[in-house]
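Student: Below: sequence and its predicted model.
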Amino acid sequence: MIVHSPPRVRSRARPHRGLLGTLLDPIDRLAETIYSVLILLTFTLAFRLFKLHDAPGAPISSEYVHELLSAAFGAILAWGLIDGVVHALMELFQRGERHRLLRQVQAAESEQASIEVIAEELDYVLEPITGEDERHTLYRGVYAQLRTSRPRPVGFKREDFTGALGCVIVAVVAVLPSLLPLVLLRGNPALALRISNIVSFVVLFSAGYSWGRHTGGDPWKTGLLLVGAGAVTVAIAIALGG
């Protein structure tokens, strides 16, 4: 089952650290990794539930494992493509929002009305960390820049499509370590699935740890939180007979 990710704020600062660093910002890469691994876990757990439950001790043919690999990889590839399209559309939407703000600021009847428009856009971000006077000074500076600015094209840009490509690459690369046991241990599907799930949890923890470091949170708590989410998924599957 493919679940669309919720809208997320995308940072415009994209550090140039290797190929993926030029395509996606760190949070987008980590989010893509987490969603991709969770999708794979739903496949491996469902496979245990439907293929191993009826005859736990019976041998399972390599065709079944191949079926799992094909279905999981196809779903993850589809997920990457869908999220890539969403990424490009979100970039287009954000440029449209900035264009709308510029039009509203320049069409306002007075400077105060323009500042109020700017405040409506930025207060929810700045109010918790700034005072009223500081925000007013900042908004006046923003107004000074916007009142003479010219609208820029809102259409798709090259970066939108390279970012979409990055979504596909990350979605696939993130699950390769978890798929490897299914390829190497086809003769023992039960063991292959267990190792694959363990590797998936390790990847989830690594992604959570990196997320915590990047956002200034507690890396260990964030990593363990993601592992806990995966463990809950496993517990639900076991309770259902997996």
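Tutor: Yes, it's here.
Student: could I have stretch 84-95 exported to CSV, CA atoms only?
Tutor: The C-alpha trace of stretch 84-95 is given here as CSV (Å, rounded to 0.1, in the frame of the first residue of the first chain):
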residue,chain,number,x,y,z
GLY,A,84,9.0,13.2,-7.1
VAL,A,85,5.9,14.6,-8.9
VAL,A,86,4.6,16.0,-5.6
HIS,A,87,8.1,17.6,-5.0
ALA,A,88,8.0,19.4,-8.3
LEU,A,89,4.4,20.5,-7.8
MET,A,90,5.2,21.8,-4.3
GLU,A,91,8.1,23.8,-5.6
LEU,A,92,5.8,25.3,-8.2
PHE,A,93,3.2,26.0,-5.6
GLN,A,94,5.6,27.8,-3.3
ARG,A,95,6.8,30.1,-6.2
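Student: so where's the chain uncertain?
Tutor: 1-22, 48-62, 233-235, 237-242 (pLDDT under 70).
Student: all helices of the protein, in order?
Tutor: Along the chain, the segments classed as helices by DSSP state H run 18-23, 26-47, 62-107, 111-126, 132-146, 158-184, 189-215, 219-239.
Student: now Glu91: how far from Glu109?
Tutor: Look at Glu91 and Glu109: by C-beta to C-beta, to the nearest Å, they are 32 Å apart. All C-beta spots, glycine's among them, are computed from the backbone N, C-alpha and C.
Student: between these two, which one's more packed in?
Tutor: Glu91 (19 against 7; other C-beta atoms under 10 Å).
Student: Does the more buried one touch Glu159 like I think?
Tutor: Yes. Between Glu91 and Glu159 a contact is recorded at 7.2 Å, counting by C-beta atoms under 8 Å.
Student: Arg152 is nearest to which of the helices of the chain?
Tutor: Smallest distance to Arg152 across the helices of the chain (C-beta to C-beta): 7.3 Å, for helix 62-107.
Student: what's the angle from the closest one to helix 132-146?
Tutor: 90 degrees (axes from the mean of the first three to the mean of the last three C-alpha atoms, to 10 degrees).
Student: and the helices of the chain, which is most packed in?
Tutor: Comparing those by mean neighbour count (mean count of other C-beta atoms under 10 Å), helix 26-47 ranks first with a mean of 22.
Student: Go ahead and produce PDB holding the CA coordinates of it.
Tutor: In PDB, the C-alpha atoms belonging to helix 26-47 read as follows (Å, rounded to 0.1, in the frame of the first residue of the first chain):
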ATOM      1  CA  PRO A  26      18.900  16.900   4.000                       C
ATOM      2  CA  ILE A  27      15.300  16.800   5.500                       C
ATOM      3  CA  ASP A  28      13.800  15.700   2.200                       C
ATOM      4  CA  ARG A  29      16.400  13.000   1.800                       C
ATOM      5  CA  LEU A  30      15.800  11.700   5.300                       C
ATOM      6  CA  ALA A  31      12.000  11.800   4.900                       C
ATOM      7  CA  GLU A  32      12.200  10.000   1.600                       C
ATOM      8  CA  THR A  33      14.400   7.300   3.300                       C
ATOM      9  CA  ILE A  34      11.900   6.900   6.200                       C
ATOM     10  CA  TYR A  35       8.800   6.600   4.000                       C
ATOM     11  CA  SER A  36      10.600   4.100   1.600                       C
ATOM     12  CA  VAL A  37      11.800   1.800   4.400                       C
ATOM     13  CA  LEU A  38       8.400   1.800   6.100                       C
ATOM     14  CA  ILE A  39       6.700   0.900   2.800                       C
ATOM     15  CA  LEU A  40       9.200  -2.000   2.400                       C
ATOM     16  CA  LEU A  41       8.400  -3.200   6.000                       C
ATOM     17  CA  THR A  42       4.700  -3.400   5.200                       C
ATOM     18  CA  PHE A  43       5.600  -5.700   2.300                       C
ATOM     19  CA  THR A  44       7.900  -8.000   4.200                       C
ATOM     20  CA  LEU A  45       5.500  -8.200   7.100                       C
ATOM     21  CA  ALA A  46       2.600  -8.900   4.900                       C
ATOM     22  CA  PHE A  47       4.600 -11.600   3.100                       C
END
